[in-house]
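A.B. asks: fold the stuff below for me.
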Amino acid sequence: MNLNTLYSELIFEHDKHPKHAGLREPFDADVHHVNPVCGDEVQLRLKLSEDGSTVEDISYDAVGCAMSRASVSMMSDLFIGEPISEVEAMIAHFDEVLHSRGKIEADEEIVGDAVALAGAAKFPNRVKCVLMSWKAFQAAYAEALLFREK
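C.D. replies: Model prediction:
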């Protein structure tokens, strides 16, 4: 089996059987992002550990293309239970890969199943579909921090 087939199967598996889907409580932040170009949407909830250092839970409701829905499934599965410092490194690597237009390969050790989405880097109109949930996570994390400061 070649990598393209394997990656396609990973995307379809996460699209058909999404991990962590469905909005749950409790949560520290709730954000809604829309890609106006294609209509993809995600509502994402984030729950941090009591000290704010670890992602305790991510839940979401996503509508859109298979890549967009697979991306939020892969991302949530990758981030839950991880320290924020690790999550930030994962986001930075994945963002760099997707904005490289295919010049930088994704490191599976860093981004897990999301390596299957790296091919979107060669199609700029697909990058927003893949990154929308990752940007929603960043917004939810910023909101959670603001809420904790009050």
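A.B. asks: which intervals of this structure have sub-threshold pLDDT?
C.D. replies: 1-7, 149-150 (pLDDT under 70).
A.B. asks: how about the helices in it?
C.D. replies: With DSSP state H, the ranges of helices along the chain come out as 3-16, 66-79, 84-98, 108-111, 124-149.
A.B. asks: so which of the ones you listed comes closest to H32?
C.D. replies: helix 124-149 (7.8 Å; CB to CB). Glycine gets a C-beta too; all of them are placed from N, C-alpha and C.
A.B. asks: which neighbouring elements make contact with the closest one?
C.D. replies: strand 29-34, strand 41-48, strand 55-63, helix 66-79, helix 84-98 (3 or more CB pairs under 8 Å, 6 or more residues apart in numbering; DSSP states H and E).
A.B. asks: what sits up against the fourth one?
C.D. replies: Helix 66-79 is touched from outside by 10-12, 14-15, 18-21, 35, 38, 40, 42, 44, 55, 58-60, 62-63, 87, 90, 111-114, 116-117, 120, 126, 129-134, 136-137, with contacts defined as CB atoms under 8 Å, 6 or more residues apart in numbering.
A.B. asks: are any of those buried, and if so which?
C.D. replies: With burial judged by 16 or more other CB atoms under 10 Å, the buried subset of the contacts of helix 66-79 is 10-11, 14-15, 18-21, 35, 40, 42, 44, 55, 58-60, 62, 87, 90, 111-114, 116-117, 120, 126, 129-134, 136-137.
A.B. asks: want to throw the helices and strands packed on helix 124-149 into JSON lines with distance to E143?
C.D. replies: Converted to JSON lines, the helices and strands packed on helix 124-149 look like this (distance: least, CB to CB, whole Å):
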{"stretch": "strand 29-34", "distance to E143": "4"}
{"stretch": "strand 41-48", "distance to E143": "8"}
{"stretch": "strand 55-63", "distance to E143": "13"}
{"stretch": "helix 66-79", "distance to E143": "16"}
{"stretch": "helix 84-98", "distance to E143": "14"}
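A.B. asks: perfect, that will be all.
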